[in-house]
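Trainee: whatever this is, show me its structure:
(2 chains)
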Amino acid sequence: MIRFITNNIAKCLLLLVAISIIVFILVSVSPVDPVQANAGQTAYLNMSEAKRAQLAEYWGVNTPIWERYANWAKDFIHGDMGTSLRYNAPVSEVIATRALNSLALMASAWVISGLLGFISGIAAGMNRGRLIDKLVKGYCFVLASSPTFWVALIFLMIFSVSLDWFPIGFSVPLGVSAANVTIFDHLRHLILPAITLSVVGVANIALHTREKTIDVIESDYFRFALARGERPWRALRKHGLRNLMMPALTLQFAAIAEIFGGAVLVEQVFSYPGLGQAAVTAGLGGDVALLAGIAVISALFVFTGNLIANILYGVVDPRIRGARKMLGASGAVGAARDTGDTGSTDGIDKEQAGG
Amino acid sequence: MDKVLFHAAKMRLFNNRLQTMIIMMVALAILAAVVISGMLVMGNAQTTDFASKNLAPSFAHPFGTDWMGRDMFIRTLSGLAMSMFVGLLAATVSSLIAVGLGMAAALGGKRMDAVITWLIDLLMGLPHIILLILIAFAIGKGFWGVTIGVAVTHWPNLARVIRAEVLQCKQSNYIAHAEKLGTSKLKIAWRHITPYIIPQLLVGFVLLFPHAILHEAAITFLGFGLPPEQPAIGIILSEAMGHLSTGMWWLALFPGIALVAIVLLFDLAGSSLRRLIDPHRSQD
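Mentor: Residues are numbered from 1 along each chain as shown, chains lettered A, B, ... in the order given. Okay, here's the model as predicted:
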């Protein structure tokens, strides 16, 4: 077991290094000229050739990319991720404050969508073919096809503009000094983005749980329990719930990439100052250091989620531990998909799109 | 007894195959109609008419007009056409990558398989949106930035399906016979394996397409995709965001519904196609 876990962690670290290389290459080949971006348009135009060359030297335009990567990675591990142009602060600081906001948003969405999806999945599975099943299925189908940012826009329009229940944006009220911002202000600004993200994230988990529930209902042990005279719901609670919970939890951990992707869009619509919004600002503003930092951090999020999912899978199902050596970070989930275990969900995992 | 057995089947107007065919036909017809009419009216999408701005939906302007007097229906139509064009292109390229890598993983030996599976894990490691932002950042925004970005990010799922499918096919007797008869590997891949994966490929492609449209809209919405002068659903919605507090609900509502309708239609087409091809995997 310990070997299984260390293997998994090693795999994730290796993938993380590879991701950081890819991220670095992608931000490096960008047509954005580092000298121009860092000095600003006007300053660049007024600069002498010699000064430009000097700055180019300073920003390492002429050093080979591997050397630059090595320097960047070394500093990154030590916590120095460079300086953000847009926010005029160390990247690590920007990320730290924003990661906290994003974590609050993503964690609440993760919990709410998980619970909602699990419960509605069971309800649908237990009432297969009846109205409630059709409602849940229809809901999942439609929501999986709706772009996250559009749902966010509609919610904003209904609940903030028309009904005026929630503020239109930002994580704290405007014009209030930081000391006076209470936890309730934070909560009030968090609610609508979190609800949006949860509502959109339900589909995958609900459909998966629904299928698993049907499997349980059709199993021999469940039939036997019914034959003994147990009531269906009680039988499900006693014999089925544990079988349903672990795969659902695993799936939910593996869905962190999707929640992160959704959060980027939701944060943008609600002007919620989280990592996603910073990534967009950095990308649009040519802020290389910040963009690279956030990209690596987001990969860290995803891998942590996948790692937990994989380990959970291994704990529950000993066969996974040995069998799926070839598959890496998303191994368990991938394996489940390969064997058709997650059923029809793979057509629907487009929440990432924000879709 | 008769009644019990055939009840479910009789309740349905069409059988599965007919139903799938009808959905596919409708989807294709709508695809053609939107793309052609969208391309035709694209020139009018930017026509401003300040005499009729901020109009709520009416018969003359079914989707209303915006703050510059542009007709939202025409904008939506040409935006959809643009999105579908990008989606079609990206989904095609993505499916081709998926077939190539999926088959290579299954046929190219253990090492190749490990490398490709690792590549898939790598791509899954970054949230799609972040990866799309990075790609748009690297190769510049605009049409090619989005199309390449979406194409590069969408193949892993389908590649996995194809890999599993080819592995299954490899077990069959006719492949073993072909090998014993001395047929070359390439010929086996082309003659015996390619036809075997075509149904799954078709399903994968049809399901990839709406996915690609959604990603295109999302990335354009964030400002990394198509440029603002091009009519695109993402652009329309991000502009609508700026006018939300004015109460012009039609700016965001109708273009979004149009997008959702298209995506739903193709999702439906894809899943009913899959039901036809792969009956046990999607019972209901």
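Trainee: residue nearest the centroid of chain A?
Mentor: For chain A, residue A:260 is the residue whose C-alpha lies nearest the centre (CA atoms, centre = their mean; 2.2 Å).
Trainee: which pLDDT value goes with that one?
Mentor: For residue A:260, the pLDDT comes out at 90.
Trainee: enumerate every residue touching the nearest residue to it once chain neighbours are set aside.
Mentor: Leaving aside its sequence neighbours, residue A:260 sits nearest to residue B:127 (CB to CB, 6 or more residues apart in numbering or on different chains; 4.3 Å). Bear in mind the C-beta positions are built from the backbone N, C-alpha and C, glycine included. Applying CB atoms under 8 Å, 6 or more residues apart in numbering or on different chains, we find residue B:127 in contact with A:257-258, A:260-261, A:264, A:298, A:302, A:352.
Trainee: give me the contact list for stretch A:107-121.
Mentor: A:136, A:139, A:190, A:194-195, A:197-210, A:212-213, A:244-245, A:248-249, A:252, A:256, A:259, A:262-263.
Trainee: for the contacts of residue B:127, work out which two are farthest apart.
Mentor: Spanning the widest gap among these are A:264 and A:302, at 12.8 Å by CB to CB.
Trainee: tell me who's in contact with the residue most central in space within chain B.
Mentor: Geometric centre of chain B, nearest residue: residue B:209, 1.2 Å, by CA atoms, centre = their mean. The contact partners of residue B:209, by CB under 8 Å, 6+ apart, come to B:87-88, B:91, B:266, B:270.
Trainee: spatially nearest residue to it, not counting backbone neighbours?
Mentor: Excluding the flanking residues, the one nearest residue B:209 by CB to CB, 6+ apart is residue B:91, at 4.4 Å.
Trainee: what's around that neighbour, how many residues?
Mentor: Residue B:91 has 27 neighbours, counted by other CB atoms under 10 Å in any protein chain shown.
Trainee: surely it meets residue B:205?
Mentor: Yes - Residue B:91 is within contact range of residue B:205, at 6.1 Å (criterion: CB atoms under 8 Å).
Trainee: shaky segments in the chain?
Mentor: In the absence of a named chain, this looks at chain A. For chain A, the stretches with pLDDT under 70 are A:30-47, A:49, A:51-63, A:162, A:164, A:166-186, A:316-355.
Trainee: chain B, not that one
Mentor: Within chain B, the stretches with pLDDT under 70 are B:1-14, B:43-56, B:59-61, B:67, B:69, B:245, B:247, B:279-284.
Trainee: which stretch of helix or strand covers residue B:106?
Mentor: Residue B:106 is part of helix B:72-107, with elements assigned from DSSP states H and E.
Trainee: show me which positions of the next helix or strand after that helix end up buried.
Mentor: Later in the chain than helix B:72-107, the nearest helix or strand by DSSP H and E is helix B:109-125. Going by neighbour count (16 or more other CB atoms under 10 Å in any protein chain shown), the buried part of helix B:109-125 is B:113, B:116-125.
Trainee: now render these as TSV, adding distance to residue A:7.
Mentor: Converted to TSV, these look like this (distance: CB to CB, whole Å):
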residue	distance to residue A:7
B:113	18
B:116	20
B:117	15
B:118	14
B:119	19
B:120	18
B:121	14
B:122	17
B:123	21
B:124	18
B:125	17
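Trainee: chain A next: which of the residues you listed are close?
Mentor: Residues of the buried residues of helix B:109-125 in contact with chain A (CB under 8 Å from any CB of the partner chain): B:113, B:117-118, B:120-122, B:124-125.
Trainee: tabulate those residues (a markdown table), appending distance to residue B:106.
Mentor: As requested, these are arranged in a markdown table below (distance: CB to CB, whole Å):
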| residue | distance to residue B:106 |
| --- | --- |
| B:113 | 7 |
| B:117 | 11 |
| B:118 | 15 |
| B:120 | 13 |
| B:121 | 17 |
| B:122 | 19 |
| B:124 | 19 |
| B:125 | 22 |
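Trainee: between those residues, which sits nearest chain A?
Mentor: residue B:121 (4.0 Å; CB to the nearest CB).
Trainee: surely the closest one touches residue A:16?
Mentor: No - using CB under 8 Å, residue B:121 is not in contact with residue A:16; the gap is 11.0 Å.
Trainee: and for the closest residue to residue A:240 other than its chain neighbours, the neighbour number?
Mentor: Of all residues not flanking residue A:240 in the chain, residue A:216 sits nearest, at 4.0 Å (CB to CB, 6+ apart). Counted with other CB under 10 Å, residues neighbouring residue A:216 total 20.
Trainee: please identify which helix or strand holds the residue of the stretch 151-284 of chain B found nearest chain A.
Mentor: The minimum distance from the stretch 151-284 of chain B to chain A, using CB to the nearest CB, falls at residue B:214 (2.8 Å). In the assignment (DSSP H and E), residue B:214 maps to helix B:194-222.
Trainee: for that helix, which residues meet the burial criterion?
Mentor: Residues B:196-197, B:200-201, B:203-222 are the ones in helix B:194-222 that count as buried (16+ other CB under 10 Å).
Trainee: near chain A, anything from the helix or strand following that helix?
Mentor: Later in the chain than helix B:194-222, the nearest helix or strand by DSSP H and E is helix B:233-242. Yes - applying CB under 8 Å from any CB, one finds helix B:233-242 touching chain A at B:237, B:240-241.
Trainee: out of those, which is nearest to residue B:22?
Mentor: Closest approach to residue B:22 among those (CB to CB): residue B:237, at 31.1 Å.
Trainee: from what I can see that closest one touches residue B:217, true?
Mentor: Yes - using CB under 8 Å, residue B:237 is in contact with residue B:217, at 7.4 Å.
Trainee: overlap in contacts, the two.
Mentor: residue A:149.
Trainee: tell me how many other residues crowd residue A:93.
Mentor: So residue A:93, with other CB under 10 Å, has 13 neighbours.
Trainee: measure it to residue B:25 for me?
Mentor: Computed with CB to CB, to the nearest Å, the distance linking residue A:93 and residue B:25 is 57 Å.
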